[in-house]
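# Okay, predicted coordinates and the sequence, questions at the end:
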Amino acid sequence: MLPAVHWGTRDVLDKYNRKFRPLPRKDVVVRCGPPVDLSAYRGRPVDAALLREVTDLLMVRVRDLLAEVRGEPAPEEFFRRTAS
């Protein structure tokens with residue numbers, strides 16, 4: 001699996017306001033990271049803990065790749081919604 005990110009698309013296509021602004025030209029950055037090896041998870045029973053572990057692994061890779069594209073430090077913690 002290849003993690004991929006894009007940055008700058010909102011400057012061209014604003015879905016919320018339904019506006020397409022191709023001019024003046026804007027930079028849109030698309031970057032793919034190195035493949036993520038998920039073979040360590042093969043054969044394990046699929047449960048909530050496994051899904052959370054794999055999701056966190058992928059999200060860390062995407063977060064780091066996006067921080068590189070944006071040129072800003074990434075947050076250390078992910079937002080976790082608490083059950084109310």
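Thanks, I have it. Numbers count the residues shown, from 1 in each chain.

# Correct me if wrong: Pro22 contacts Asp11.
No. Here Pro22 lies out of contact with Asp11, judged by C-beta atoms under 8 Å, at a distance of 10.1 Å. Using the backbone N, CA and C atoms, a C-beta is placed for each residue, glycine as well.

# neighbour count winner among the two?
Neighbour comparison, Pro22 and Asp11: the larger count goes to Asp11, with 12 against 8 (by other C-beta atoms under 10 Å).

# distance of the more buried one from Val46?
Note on Asp11: its distance to Val46, by C-beta to C-beta, to the nearest Å, is 39 Å.

# again, but for Lys26
42 Å.

# When those two are compared, which one has more neighbours?
When Lys26 and Val46 are compared on other C-beta under 10 Å, the one with more neighbours turns out to be Lys26, at 12 against 9.

# would you list every one of the strands in the protein?
Under the criterion DSSP state E, strands of the chain are mapped to 4-7, 13-14, 19-20, 29-32.

# can you tell which of these is closest to Leu57?
Of all these, it is strand 4-7 that lies closest to Leu57, at 15.3 Å by C-beta to C-beta.
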